[in-house]
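# Kindly generate the corresponding structure for this input.
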Amino acid sequence: MGRSGEIARAKARRLKGMKKESDGIALGDERMKAEGRREQDAARREEERARALRDSSDS
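Below is the predicted model of the structure:
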């Protein structure tokens with residue numbers, strides 16, 4: 001998968017985490033909220049790593 005594909009995948013995972021956190025808020029489920037935040041954080045790190053690799057390979 002290309003770098004832009006990795007970035008898109010990470011963004012999709014981040015959105016999935018946002019939805020899970022939102023559902024947890026709506027349902028009053030603290031575990032689901034925390035899991036959604038963890039997924040967002042992991043996806044954000046993955047996206048930053050993919051961007052850094054893309055930027056370093058462009059130079």
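# Report all helices and strands that the longest helix belonging to the chain contacts.
What stands out as the longest helix in the chain, according to DSSP state H, is helix 30-58. Contacts defined by 3 or more Cβ pairs under 8 Å, 6 or more residues apart in numbering; DSSP states H and E place helix 30-58 against helix 3-27. (Each C-beta comes from the backbone N, C-alpha and C, glycine too.)
# which parts of the helix it packs on are buried?
Residues of helix 3-27 classed as buried: 6, 7, 10, 13, 14, 17, 20, 21, 24 (neighbour count, 16 or more other Cβ atoms under 10 Å).
# so it versus helix 30-58, what angle?
On the basis of axes from the mean of the first three to the mean of the last three Cα atoms, to 10 degrees, helix 3-27 is oriented at 160 degrees to helix 30-58.
# from the chain's centre, how far out does helix 3-27 sit?
Put simply, helix 3-27 sits 5 Å off its chain's centre (Cα atoms, centre = their mean, to the nearest Å).
# Then stretch 29-36?
Chain-centre distance of stretch 29-36: 15 Å, with Cα atoms, centre = their mean.
# what does stretch 42-59 give?
Worked out by Cα atoms, centre = their mean, stretch 42-59 lies 13 Å from the chain centre.
# in that stretch, what counts as buried?
43, 46, 47, 50.
# between the buried residues of helix 3-27, which is nearest residue 39?
residue 17 (3.2 Å; Cβ to Cβ).
# Name all residues that make contact with residue 30.
When contacts are counted by Cβ atoms under 8 Å, 6 or more residues apart in numbering, residue 30 touches residue 24.
# any low-confidence regions in the chain?
1, 59 (pLDDT under 70).
# hmm, 80 instead?
For the chain, the stretches with pLDDT under 80 are 1-3, 57-59.
# Excluding chain neighbours, what is closest to residue 35?
Excluding its sequence neighbours, the residue lying closest to residue 35 (Cβ to Cβ, 6 or more residues apart in numbering) is residue 20, at 6.0 Å.
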